[in-house]
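Enquirer: need a structure here:
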Amino acid sequence: MKRIILLLIFAQIVVMSYADMLSEPLVSINLIRPEMITSQEVDEQISLYNKQLIAKGLPQKNIERSDMLDSMISSVLIAQAAEKSGIKISESDINRIIKAQKKSAEAQLHQRISDNQFKQLIINQTNGSWDLYIKGISEQLLQQSYITQNKKSFFNSISIPTSEEIEIKYKENMQLFFNTEYLRVSMIFIPVLNKNQEASAAARTRLEKAYNELKNGNISFDDAVLKYSEEENIKYRGGDIGYVGRDNSNLKMQLGKVFFNKMFKLSENEISDVLESNSGFHILKITEKIEPGLLTLDDKIKPDSNIPVRDYIKNGILQERQQIALEKALKEINLELRQQAEIIYF
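Expert: Here you go, the predicted structure:
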């Protein structure tokens, strides 16, 4: 259990403050300077950990306070050791992680989001503040840099998966490579969230006019997007929102089950009439339809990805091996630092 918690704490984005002296001190750690951990901080960390599990749809865990304290001590030791080694994290390093995570969020949501929307998403998912999120990234990068620099041998010895290993892993997990049904969707969209009934009625009327022009052949779909769509991100991509999988529960919840199911009833190259979702009014065009089926090793893992199944499995095996190497490196570093540091329990 201690090993599992240690890895989770090390990878966690939100790091709690260790400076709250209002609660009972449990331990003092001193590698380069004294740093306290209090009973309140341990309880807060357990509570935060479980809140993040709930936010991800996972069950809570009954974590022993002693296990959490032990993990927090290890985190403090590694952070102080990294500082002692002169390892620094630049603003560009932090921004690179933020940019990658924002891009990942947009891929899951199938839409672009503003910086403020991404900040709110992080706050909701981590149950913390944006400043704590930034601090967490910085400390995570600091610790990762220290471990990889001081335990290079653990990572240099990781072997590249062979073709045979990839094929075996594919056959062992073939049920994971059944492709869901996908649509590539373009749309003319007028959002009506936070608009009154009169504005909503006007939006519907406007799109009904667009539909009649399309139906009568008076305008192309691309031109109708530019003329009628009122959502800038979609409008200037020609209405294209990319590929939508039938298993995309987040988008189904966002748009509404009725709208989502109507979308998947459309045929390739079919243009819908005016459809209402939870966020506004749409006219849809299905530009591509991909039927469900088993992916081969040479198929793309997703329609909008350039990664074939073969490389996806290869990367997965490498990540497993890196995780094992990280676990061994963490264990060794933890033992070394505990021998060097002064740790006083109260």
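
Enquirer: who are the neighbours in contact with I160?
Expert: If a contact means CB atoms under 8 Å, 6 or more residues apart in numbering, then I160 has K314, L318 as its contacts. In short, each C-beta sits where N, CA and C put it, glycine included.

Enquirer: Hmm, I typed the wrong one, I wanted D93.
Expert: Per CB under 8 Å, 6+ apart, neighbours of D93: L141.

Enquirer: pLDDT averaged over the strand or helix carrying it - what is it?
Expert: According to DSSP states H and E, D93 maps onto helix 91-109. For helix 91-109, the mean pLDDT works out to 86.

Enquirer: low pLDDT regions in the protein?
Expert: 1-22, 55-57, 109-111 (pLDDT under 70).

Enquirer: Report the residue ranges of every domain in it.
Expert: 2-157+318-345, 181-291 (automatic domain parsing).

Enquirer: Which one, of these, ends up nearest to E172?
Expert: Comparing the domains of the chain against E172 with CB to CB, the closest turns out to be domain 2-157+318-345 (12.9 Å).

Enquirer: how far does that closest one sit from the chain's center?
Expert: On the basis of CA atoms, centre = their mean, to the nearest Å, domain 2-157+318-345 is displaced by 16 Å from the centre of the chain it belongs to.

Enquirer: quick one on the thing from earlier: buried ones in the helix or strand just after the helix holding D93, by neighbour count?
Expert: Beyond helix 91-109 on the C-terminal side, the first helix or strand identified by DSSP H and E is helix 115-126. Buried positions in helix 115-126, judged by neighbour count with 16 or more other CB atoms under 10 Å: F118, K119, I122, Q125, T126.

Enquirer: Alpha carbons of helix 115-126, as CSV, please.
Expert: Presented in CSV, the C-alpha positions along helix 115-126 are these (Å, rounded to 0.1, in the frame of the first residue of the first chain):
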residue,chain,number,x,y,z
ASP,A,115,-7.5,29.7,-21.2
ASN,A,116,-10.1,30.8,-18.6
GLN,A,117,-12.3,27.7,-19.4
PHE,A,118,-9.3,25.5,-19.0
LYS,A,119,-8.5,27.1,-15.6
GLN,A,120,-12.0,26.5,-14.4
LEU,A,121,-11.8,22.9,-15.6
ILE,A,122,-8.6,22.3,-13.6
ILE,A,123,-10.1,23.9,-10.5
ASN,A,124,-13.2,21.7,-10.8
GLN,A,125,-11.2,18.5,-11.3
THR,A,126,-8.6,19.1,-8.7
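
Enquirer: Buried residues in the helix holding D93, which are they?
Expert: Going by 16+ other CB under 10 Å, helix 91-109 has these buried residues: I94, I97, I98, Q101, K102, A105.

Enquirer: Verify the stated contact: the first one with Q140.
Expert: In other words, I94. No: judged on CB atoms under 8 Å, I94 makes no contact with Q140 at a distance of 9.9 Å.

Enquirer: which residues do those two both contact?
Expert: Joint contacts of I94 and Q140 (CB under 8 Å, 6+ apart) do not exist.

Enquirer: So for the one helix or strand Y133 maps to, what gets flagged as buried?
Expert: Taking DSSP H and E as the criterion, Y133 maps to helix 130-150. Within helix 130-150, the residues scored as buried using 16+ other CB under 10 Å are 132-147, 150.

Enquirer: Correct me if wrong: I333 contacts S75.
Expert: No: with contact defined as CB under 8 Å, I333 does not count as touching S75 (11.5 Å).

Enquirer: which SSE is A202 in?
Expert: helix 197-215.

Enquirer: next structured bit after that helix?
Expert: Next along from helix 197-215, by DSSP H and E: helix 221-228.

Enquirer: CA-only coordinates of that following helix in PDB, if you can.
Expert: C-alpha atoms of helix 221-228 as PDB (Å, rounded to 0.1, in the frame of the first residue of the first chain):
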ATOM      1  CA  PHE A 221     -22.900  24.100 -46.800                       C
ATOM      2  CA  ASP A 222     -19.500  25.800 -46.500                       C
ATOM      3  CA  ASP A 223     -21.000  29.200 -47.500                       C
ATOM      4  CA  ALA A 224     -23.900  28.600 -45.100                       C
ATOM      5  CA  VAL A 225     -21.400  28.100 -42.300                       C
ATOM      6  CA  LEU A 226     -19.800  31.400 -42.900                       C
ATOM      7  CA  LYS A 227     -23.100  33.200 -43.400                       C
ATOM      8  CA  TYR A 228     -25.100  31.800 -40.500                       C
END
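
Enquirer: Start at 59, not 1
Expert: With the count now opening at 59, the last piece we talked about shows up as helix 279-286.

Enquirer: what angle sits between the biggest helix by length in the chain and helix 188-208?
Expert: Of all segments of type helix in the chain, defined using DSSP state H, the longest is helix 367-398. Computed with axes from the mean of the first three to the mean of the last three CA atoms, to 10 degrees, the direction of helix 367-398 lies at 90 degrees from that of helix 188-208.

Enquirer: and helix 367-398, what does it pack onto?
Expert: In terms of contacts (3 or more CB pairs under 8 Å, 6 or more residues apart in numbering; DSSP states H and E), helix 367-398 is packed against helix 60-69, helix 123-142, helix 188-208, helix 210-214, helix 221-230.

Enquirer: Identify, from the buried residues of helix 173-184, the entry nearest to N237.
Expert: Taking the buried residues of helix 173-184 together and measuring to N237 by CB to CB, the closest member is Q183, at 27.6 Å.

Enquirer: Thanks again, I'm all set now.
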